[in-house]
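S.K.: Predicted model and sequence follow; I will ask about them next.
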Amino acid sequence: MTINHDHLLNYPIPEIRQTIRWQDTALYNFSIGLGQDPMDEKQLDFLYEPRLKAMPSMAVVLGYPGFWIRNPDTGVDWTQVLHGEQSVILHRPLPAEGEIIGKSRISSIVDRGPGKGALLYNERIVLDAKTGEKLATLEGTTFARGDGGFGGPSGPVKKPHPEPERAPDITVDLATRPEQAIVYRLNGDHNPLHIDPAVAAKAGFKQPILHGLCTFGVVCHALTKALCGYDPARFGRMDLRFSSPVYPGETIRTEIWHEDGGAAFRARVVERDKVVVSNGLFRHPGAA
């Protein structure tokens, strides 16, 4: 089965209503590495329930509609899909408790041609279930490697944010834990690639890899620490490209360059000197 452009563009992705408990927020924050220094009061603000805050990247696990692209009627070869890009735009700080609604859609599809795959651009709006207020907008790009040549449009293609050529202004090193992928999957992403050594080996990895969105969370932690003083109200937006997987236990170094309204960034694993996140864009609230 091949992609039907109009069908996929209007695919009925289920709307999700979700209750957030303080335990869910604390688990998410712990799963991306907060709390490794239990004497760090600023990190405890994201783990201790009397004063609990939500890390901005928690938006990626809110209103998640599941792996719907695996449904046969999508026409997508789900075994060949990769998560290529992700962004989070915060309209206000996320609640540590409450009820939300997630509304997802495919916003555009790009046909790169036979043997070159397709790009599926998706959007999810996260709303406060009681007030209808918009909390966050998520935009992502899925690279469907096996689905090019279906006769769809060849553009437009999102342009990556340029990386400065000078040395970074700030670097933040955050260690991941050996069991971090096992913990992160408790947020709802149960792909066996992140826990089963046999599945990881079949996919060509020496061990289960960290979820891309867990890497996203670790980098968000670095940006929130370095650019926002651990205050989510000072966080507006982050965009990035996934370049390479991370193995649990490796150290992620986020390299940051100051720009008007925010920063550019990328991240690499220290142990292998391998870039894992590229073309990063950070903006404070209200910045262009």
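M.R.: Looks like it arrived, so ask away. Numbering: from 1, shown residues only.
S.K.: Can you list the low-confidence ranges for this structure?
M.R.: Counting by pLDDT under 70, the chain shows low-confidence ranges at 1.
S.K.: and the residue nearest the centre of it, what does it touch?
M.R.: Most central residue of the chain, judged by C-alpha distance to the mean C-alpha position with Cα atoms, centre = their mean, is Leu213 at 3.9 Å. With contacts taken as Cβ atoms under 8 Å, 6 or more residues apart in numbering, Leu213 has the following neighbours: Ser57, Val60, Val61, His83, Gln86, Tyr184, Asp189. (C-beta placed from N, C-alpha, C; glycine too.)
S.K.: The same query, at a cut-off of 6 Å, please.
M.R.: For Leu213, the contacting residues are Val60, by Cβ atoms under 6 Å, 6 or more residues apart in numbering.
S.K.: repeat for Ser107
M.R.: Contact analysis of Ser107 by Cβ under 6 Å, 6+ apart lists Tyr121, Glu123.
S.K.: May I ask which helix or strand encompasses it?
M.R.: With secondary structure defined by DSSP states H and E, Ser107 is part of strand 98-111.
S.K.: Partner strands of the helix or strand following that strand, with direction?
M.R.: The C-terminal neighbour of strand 98-111 among helices and strands, as given by DSSP H and E, is strand 118-128. Strand 118-128 has the following strand partners under DSSP bridges: strand 98-111 (antiparallel), strand 134-144 (antiparallel).
S.K.: starting at the chain centroid, how far to the last one?
M.R.: Okay, so that is strand 134-144. A distance of 8 Å separates the centroid of the chain from that of strand 134-144, by Cα atoms, centre = their mean, to the nearest Å.
S.K.: ok, and for stretch 205-225, which residues are buried?
M.R.: Neighbour-count burial for stretch 205-225 flags 208-225 (criterion: 16 or more other Cβ atoms under 10 Å).
S.K.: repeat for stretch 242-258
M.R.: Residues of stretch 242-258 classed as buried: 242-243, 245-250, 252-257 (neighbour count, 16+ other Cβ under 10 Å).
S.K.: just stretch 21-31 next, same as before
M.R.: Along stretch 21-31, the positions that meet the burial threshold by neighbour count (16+ other Cβ under 10 Å) are Asp24, Thr25, Ala26, Leu27, Tyr28, Asn29, Phe30, Ser31.
S.K.: Now the third one. Nearest residue, chain neighbours left out?
M.R.: Closest residue in space to Ala26, ignoring its immediate chain neighbours: Leu47 at 5.3 Å, by Cβ to Cβ, 6 or more residues apart in numbering.
S.K.: and the buried residues of stretch 205-225, which of them are in helices?
M.R.: By the criterion of DSSP state H, membership of those in helices covers 212-225.
S.K.: Can you show me the CA trace of stretch 275-284 as PDB?
M.R.: The C-alpha trace of stretch 275-284 is given here as PDB (Å, rounded to 0.1, in the frame of the first residue of the first chain):
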ATOM      1  CA  VAL A 275      26.800  15.200  17.500                       C
ATOM      2  CA  VAL A 276      23.300  13.900  18.500                       C
ATOM      3  CA  VAL A 277      21.200  17.000  18.100                       C
ATOM      4  CA  SER A 278      21.800  19.800  15.500                       C
ATOM      5  CA  ASN A 279      20.400  23.000  14.200                       C
ATOM      6  CA  GLY A 280      18.900  23.900  17.500                       C
ATOM      7  CA  LEU A 281      16.800  27.100  18.000                       C
ATOM      8  CA  PHE A 282      15.800  28.500  21.400                       C
ATOM      9  CA  ARG A 283      13.600  31.600  21.900                       C
ATOM     10  CA  HIS A 284      12.400  33.400  25.100                       C
END
